[in-house]
Each structure stands twice: as C-alpha cells, then as structure tokens.
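Undergrad: quick one: sequence and predicted model below, then my questions.
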Amino acid sequence: EPAQQASWPIETTLCNYEMIESVNDDLFKNLKDIVQTPFFRYFRVDLYRECPFWEENVLCMSRDCQVVTVDESAIPEKWRSNALGKLEIPSDEQRESLPGCYYRDSDFCFLDDETEGDYVDLALNPERFTGYAGVSTQRIWKAIYEENCFGQAELSLMNHPASAEAYLPDTMADALRVDGDSTDGQCIEKRVYYKVISGLHASISTHICQEYLNQTTGEWGPNLQCFVTRVASHPERLQYIYFNTVLLLRAVSRIGPYLSAYDYCASGTHDEHDTLQMLGKIITHAENVGKFDESVLFRGENANVLKEEFKQHFRNVTRIMDCVACDKCRLWGKVQTTGLGVALKILFELDEQALDPKLNSNLLSRTEVVALINTLYRFSESLKAVDEFRHLWRETSDAD
Ligand code: FAD
C-alpha cells in the first residue's frame, strides 16, 4: 500500500501490521477460549429463509455443508427469548416487505427474526472446506461485489454495455483501486466498503485452505497451494484481512465499557468471572492496536446520503446470505456479515452517549454481541493461519 494521506482511516504501514502480529497470539488464545463459553457459542439463526433476490435451486447435500443444531432446551432460559425485547418491533410496512426479518435504522445488517430459526453451537460447526463451489458461489460473490456499486461513478461503470467483465470481482478490484486520490471524500468510503468485503472473502478463503479436505486421501489439513492461489498471490487481499481485523478491534475498543458491563451469566452454567477476564484482555489488545480512525469517514457534503447508501448496500449483503446454498457457509456468512455490520454500526452510528452502558443498557442484542466477538475470532484465526502458511512456505522453499 502506498504511503497514506492523513485522512486515510488506518495507517497501513509495516509497523502497524507488526503491531497486530505481535499481539495476535495472545488475542487469538483469549478469543479461542471465550468462544467456547456457552454465552458465545450458541447462536440463533434462521437458515431456511428463501433467497430474496433470485431463485436458488442449488442445494449442497455434502455432509460437510450440514449444520448440527442444538435443542432449545439445552440453551439457558435467560438467553432464549428475552433478547427479543432488545429489538424494536418493525412497522407493518417493513414486515410486509421483509417477512421474518427486521432492522433498526442504525443497523448495517438485517438480523434474523429471533423468534424463528434454530440454535447452533458455533464451536461444533467450524468454518472450513465444504466443497461448495461453482455457479452458485460465483453468482453470490458477484452479487456481493456488485453491492459495492454505489455513487454515480460506479453506476456508470456498471451500466456501461461494453464492460460486462466489470462484473467480475477482480476487475472490480482494479477499477476501484484508487489509492492516492482520497481528496474526493466519497472515495474513502467506497474503498473502505470494498476492503471490508474483499477482506471477508479473503478470510473465508484462508479458513477453507487452512482446513482443506484432500479428497484423494480423505485427510484434513492445510493446503498451501490453495492459499497461495486464492490469497497470497494477491497481496492486497492479505492486507484487507488486517484491515478488517483493525476495524473490528476498534469497534471492540469503543464498545469495551458496554461489553464489560454486559450480563454473561446464565443460571450458573459457567464462570462469569473467567469470561470477563478473557474479555478484559481482548479489550486491552483492541485498545492498543485497533488504530482505525472512523472520524475521517462520512464527513463530506453528502455525508448522510452516502452513509445511508453504504448502510443499505451492506444490509443487502447480509440478505444475500440467504442465497448461500450450503448451510454451514450460510451460517458463518450470517455470523460474519452480522459481526461486521455491528462493528460498522458501533463506528459510524453510535456516539459516546449511546455507547454508555448506564444510559443505554439495551444497545446490542445478545446475537449482535456473539456475532461481533465470533467475527473477530475468525479474523484473528485467519492471521494465525497466514503465519502458519508463511512457515510452511519457507519449509517448502528450503526443501527445494
Ligand atoms: P471464489 O472464492 O468463489 O471467488 C470468485 C472470484 O472472486 C475469483 O475468481 C476471484 O476473481 C475473485 N476473488 C476471490 N477472492 C477475492 C478477494 N478476496 N477479493 C476480491 N476478489 C476476490 N466454501 C467452503 O468450502 N467453506 C465455507 O465455509 C464457505 N463459505 C462461504 C461463504 C459465503 C458467504 C460464500 C458466498 C461462499 C462460501 N464458500 C465456502 C465458497 C467459497 O467462498 C468459494 O466460492 C469456493 O470455494 C469456490 O472458490 P473459487 O476458487 O472458485 O473462487
């Protein structure tokens, strides 16, 4: 990444990467432990809503695509439906147009209706290779990248009859790689948007390559070639994994006091003290290395219009998750787009007063807290995997 202007929200210098890497082992250790606790491992999700954008006929029948659900009786009473009270009831109009799902104006994502769906134990359903690929995934990633198309410049690009190939993500990447021209306020927001999506894609690819199924031997393990092809040979994708990690850490740091005051206890099923201790360490790391400056975004003349557009497009990405034909991929797609949506909300919608746990104790639903922390976990795990792939690469090169 070229030297950055003062107005870029994150200093992407080598030093900054090193800072994250220096804390990632400990950050990952704490996240890995915290996501094993009952509060953070049970996630309510509706995996059976129809794709709202096109008729999706593909169904991934592979065993690896399946999700193991948990009987509701195994979930502490306290977490079952009381979280519902924390969501505003949508208007009739909203309900009509979006049956079964709703959002508040400040949200960057559609949350599933928490009265529907199943509980899933996230710890028992790791994101990894499932074999889900082909036309269905191409269509979904294409649709997700197309949501990047907002503002006049992109609209004309996308509508240009001669630029059909502009729909391909790689071409989009080139078209949108406008580093250096951030004098135009809008550019920063669009670039941030693209980086969030591309970084998520790169992180998912990293998990797939890290836990890859060798279909010949039936063994699971890291696949270096997969990682090189999908991620490492595109250095900017690697950068965007860091970018998302910093963005999430900044959000966790801002929401730190609220998270520390949250009630994680449920009828003595686990030790709340331990959860708070782990959380405390995660928040400290977030404060130290979550160097994302959200104040440089959405400042221009049309800031509010642009923010609404940004929000609307990101919400659509969360809805596209209902088109993912592999249940396990859909599950993690929903967790992570929700987690990123919550982070964006924390950064761009909530001021200090709103974040105050005393003034606003119902700020986030349990689903949002669980999604935020699990999404950070996935990104921290990706960075750990990147490190392991680096070692593997060196070993392979030394052997040659
Ligand atoms: P894809 O990853 O499908 O990429 C399509 C095209 O996008 C590429 O050809 C490239 O041009 C471009 N591209 C790729 N990466 C980036 C990037 N980071 N930035 C910009 N452009 C890029 N599969 C699993 O095995 N397990 C999962 O858990 C899983 N979860 C998924 C979740 C979602 C939400 C989606 C949409 C798909 C998921 N998949 C999962 C499928 C997986 O992401 C790939 O689509 C699939 O493995 C096929 O990969 P591919 O090599 O064809 O390229």
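TA: Okay, I see it. Numbers count the residues shown, from 1 in each chain.

Undergrad: so which elements touch the helix or strand containing residue 40?
TA: According to DSSP states H and E, residue 40 maps onto helix 38-41. Packing partners of helix 38-41 (3 or more CB pairs under 8 Å, 6 or more residues apart in numbering; DSSP states H and E): helix 366-399. In short, each C-beta sits where N, CA and C put it, glycine included.

Undergrad: swap the cut-off to 6 Å and go again
TA: On a contact count with 3 or more CB pairs under 6 Å, 6 or more residues apart in numbering; DSSP states H and E, helix 38-41 meets no helix or strand.

Undergrad: buried ones in that helix, by neighbour count?
TA: Within helix 38-41, the residues that count as buried by 16 or more other CB atoms under 10 Å are 38, 39, 40, 41.

Undergrad: neighbours of the closest residue to residue 25 other than its chain neighbours, how many?
TA: Nearest residue to residue 25 in three dimensions, chain neighbours excluded: residue 384, at 7.5 Å (CB to CB, 6 or more residues apart in numbering). Neighbour count for residue 384, taken as other CB atoms under 10 Å: 19.

Undergrad: and residue 384, how far from the ligand?
TA: Distance, residue 384 to the ligand, using CB to the nearest ligand atom, to the nearest Å: 17 Å.

Undergrad: and the pLDDT for that residue?
TA: What the model reports as pLDDT for residue 384 is 97.

Undergrad: so which residues on the stretch 101-250 of the chain come close to the ligand?
TA: Counting by CB under 6 Å from any ligand atom, the stretch 101-250 of the chain comes close to the ligand at 127, 129-130, 132-133, 137-138, 140-141, 169-170, 173, 198, 201-202, 204-205, 208, 230, 237.

Undergrad: pull out the buried residues from the residues you listed.
TA: Neighbour-count burial (16+ other CB under 10 Å) applied to those gives 127, 129-130, 132, 137, 140-141, 169, 173, 198, 201-202, 204-205, 208, 230, 237.

Undergrad: still on that earlier bit, surely the residue nearest to residue 25 and residue 27 touch.
TA: No. Look at residue 384 against residue 27 with CB atoms under 6 Å: they stay out of range, at 9.4 Å.

Undergrad: could you report the neighbour count for the nearest residue in space to residue 272 that is not next to it in sequence?
TA: Distance criterion CB to CB, 6+ apart; nearest residue to residue 272, sequence neighbours excluded, is residue 265 at 4.2 Å. Residues within reach of residue 265, counting by other CB under 10 Å, total 16.

Undergrad: now swap in residue 379 and tell me
TA: When counting by other CB under 10 Å, one arrives at 30 neighbours for residue 379.

Undergrad: not counting sequence-adjacent ones, nearest residue to it?
TA: In space, residue 379 is closest to residue 245, 4.5 Å off (CB to CB, 6+ apart).

Undergrad: which is the next helix or strand following whichever strand or helix holds that neighbour?
TA: Assigned by DSSP H and E, residue 245 falls within helix 235-254. As assigned by DSSP H and E, the chain's next helix or strand after helix 235-254 is helix 256-261.

Undergrad: pLDDT of that next one, averaged?
TA: Mean predicted confidence for helix 256-261 is 95.

Undergrad: quick check: residues of the stretch 251-400 of the chain near the ligand?
TA: Neighbours of the ligand within the stretch 251-400 of the chain, by CB under 6 Å from any ligand atom: 324, 328, 329, 332, 333.

Undergrad: so which of these is the closest to residue 301?
TA: Nearest to residue 301, judged by CB to CB, of those is residue 333 at 34.7 Å.

Undergrad: just list the residues touching the nearest residue to the closest one once chain neighbours are set aside, thanks.
TA: Excluding the flanking residues, the one nearest residue 333 by CB to CB, 6+ apart is residue 321, at 4.3 Å. By CB atoms under 6 Å, 6 or more residues apart in numbering, the residues touching residue 321 are 330, 333, 334, 337.

Undergrad: hmm, back to that, need the next SSE after the helix holding residue 40, C-terminal direction.
TA: Once the chain leaves helix 38-41, the next helix or strand it forms, by DSSP H and E, is strand 42-45.

Undergrad: tell me the average confidence for the next helix or strand after that next one?
TA: Downstream of strand 42-45, the first helix or strand assigned by DSSP H and E is strand 69-70. Averaged over strand 69-70, pLDDT sits at 88.

Undergrad: quick one: buried residues of whatever helix or strand comes next after strand 69-70?
TA: Proceeding N to C from strand 69-70, the next assigned helix or strand is helix 77-80, under DSSP H and E. By neighbour count on 16+ other CB under 10 Å, the buried set for helix 77-80 is residue 79.

Undergrad: once you drop chain neighbours, what's closest to the residue nearest to the spatial centre of the chain?
TA: The chain has residue 336 as the residue nearest its centroid, 3.3 Å off, counting by CA atoms, centre = their mean. Spatially, and ignoring its direct neighbours in sequence, residue 336 is nearest to residue 375 (4.8 Å; CB to CB, 6+ apart).

Undergrad: list the contacts for residue 226?
TA: So residue 226 contacts 209, 212 (CB under 6 Å, 6+ apart).

Undergrad: what do you get for residue 317?
TA: By CB under 6 Å, 6+ apart, the neighbours of residue 317 are 144, 147, 337.

Undergrad: element containing the last one?
TA: Right, residue 337. According to DSSP H and E, residue 337 maps onto helix 327-348.

Undergrad: which residues sit against that helix?
TA: 45, 47, 65-67, 106, 108-109, 125, 127, 130, 132, 247-248, 251, 254-255, 294, 314, 317-318, 321, 324, 368, 371-372, 374-375.

Undergrad: poorly predicted segments of the stretch 1-150 of the chain, please.
TA: 1-15, 81-103, 113-115, 148-150 (pLDDT under 70).

Undergrad: any idea how far the residue nearest to residue 272 lies from residue 18?
TA: 38 Å (CB to CB, to the nearest Å).

Undergrad: quick one on the thing from earlier: distance check, the residue nearest to residue 333 against residue 198.
TA: 17 Å.

Undergrad: C-terminal to the helix holding residue 337, what's the next element?
TA: helix 352-355.

Undergrad: returning to what we had before: now the helix holding residue 40 - C-alpha only, CSV.
TA: Extracted in CSV, the C-alpha atoms of helix 38-41 (Å, rounded to 0.1, in the frame of the first residue of the first chain):
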residue,chain,number,x,y,z
PRO,A,38,-21.9,-21.1,26.5
PHE,A,39,-22.7,-17.4,26.0
PHE,A,40,-20.6,-17.0,22.9
ARG,A,41,-21.1,-20.4,21.3
